[in-house]
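Asker: what's the 3D shape of this:
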Amino acid sequence: MSAHNSLTLTPAATATDQVFHALYSKIVTLELAPGAKVSEAEIARSLGVSRQPVRDAFYRLSELGFMLIRPQRATTVTYISPQALFDARFIRCALEVECLRTAIDRVTDDDIAKLNALVAAQDEALQTNDKIEFHRLDDSFHELICDIAGHPKAWVIIHDQKVHLDRLRYLSLTIGAQSALDDHVEIMDCIRNRDADRAEKELRKHLARILKVLAQVRDTHPELIEANAHQRRL
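Answerer: Below you'll find the predicted structure:
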């Protein structure tokens, strides 16, 4: 598979971590598309590692819902599951709303400066069309709000859940990056003015955008969506 040839390793604690992060990135950016077959032997050879860390990385990705491992059959990248997306968005919204409201009670001028710097860096990434950096900075913005609230573990839970959103989020950057950045600007205005009610409204609007993206992807890229997904009115 051609995608294997472009896999590279970055420094990490273990070989399994390196393989995991390399494959995770390829899946999120759709370089390994839903339905693609993946081979332990081919990936091990392309990355110059033994098959055991590849097998372990496959298991971790399957636990996240990114890979389907079946005995005596090819391992494949899973299709985007609307149900998993709905669940992940619900959990993310519930946790982030509480973190945002708490953060507004605790935020300092230094915190605001750090958040402003992230928004400015996002704007720069948007201007240079650096989707991967924009995506990373988007996460950093939301993570910092959880940290300011004094609940860093909330982001750990959100991070584990949002993997179901990330493929759609990456797709949405082509058409929705400016809207995402504009949302962050509005949220920042609420934080500076200590307006928790308006901040919650803006955050809910921001996190609901993924539902519109799902509707668009169903129309434009139906091959990416789980064929027998439970249908729900958006």
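
Asker: Now do stretch 33-50: distance from first to last residue.
Answerer: Using CA to CA, to the nearest Å, one end of stretch 33-50 lies 24 Å from the other.

Asker: Ignoring the adjacent residues along the chain, who's closest to the most centrally placed residue in the chain?
Answerer: Against the mean C-alpha coordinate of the chain, by CA atoms, centre = their mean, the closest residue is Asp166 at 3.1 Å. Nearest residue to Asp166, sequence neighbours excluded (CB to CB, 6 or more residues apart in numbering): Val28, at 4.7 Å. C-betas here are computed from N, CA, C, even on glycine.

Asker: now swap in Phe141 and tell me
Answerer: The shortest distance from Phe141 to any non-neighbouring residue, by CB to CB, 6+ apart, is to Leu118 (4.7 Å).

Asker: mean confidence for whichever strand or helix holds that neighbour?
Answerer: Leu118 belongs to helix 109-127 when elements are defined using DSSP states H and E. In this model, helix 109-127 carries a mean pLDDT of 97.

Asker: Give me the buried stretch members for it, please.
Answerer: For helix 109-127, burial by neighbour count (16 or more other CB atoms under 10 Å) applies to 111, 114-115, 118, 121-123, 125-126.

Asker: Tell me who's in contact with Asp87.
Answerer: Residues near Asp87 by CB atoms under 8 Å, 6 or more residues apart in numbering: 161, 164.

Asker: what does Gln72 give?
Answerer: Contacts of Gln72 (CB under 8 Å, 6+ apart): none.

Asker: Could you give the backbone dihedrals for it?
Answerer: phi 60, psi 10 (degrees, to the nearest 10).

Asker: let's number from 25 now, not from 1
Answerer: Okay, residue one is now 25; in that scheme the one you just asked about reads as Gln96.

Asker: I'd like the distance between it and Tyr103.
Answerer: According to CB to CB, to the nearest Å, Gln96 stands 21 Å off from Tyr103.

Asker: same question, Leu168
Answerer: Taken as CB to CB, the span from Leu168 to Tyr103 is 32 Å.

Asker: what does Asp162 give?
Answerer: Separation of Asp162 from Tyr103 (CB to CB) stands at 24 Å.
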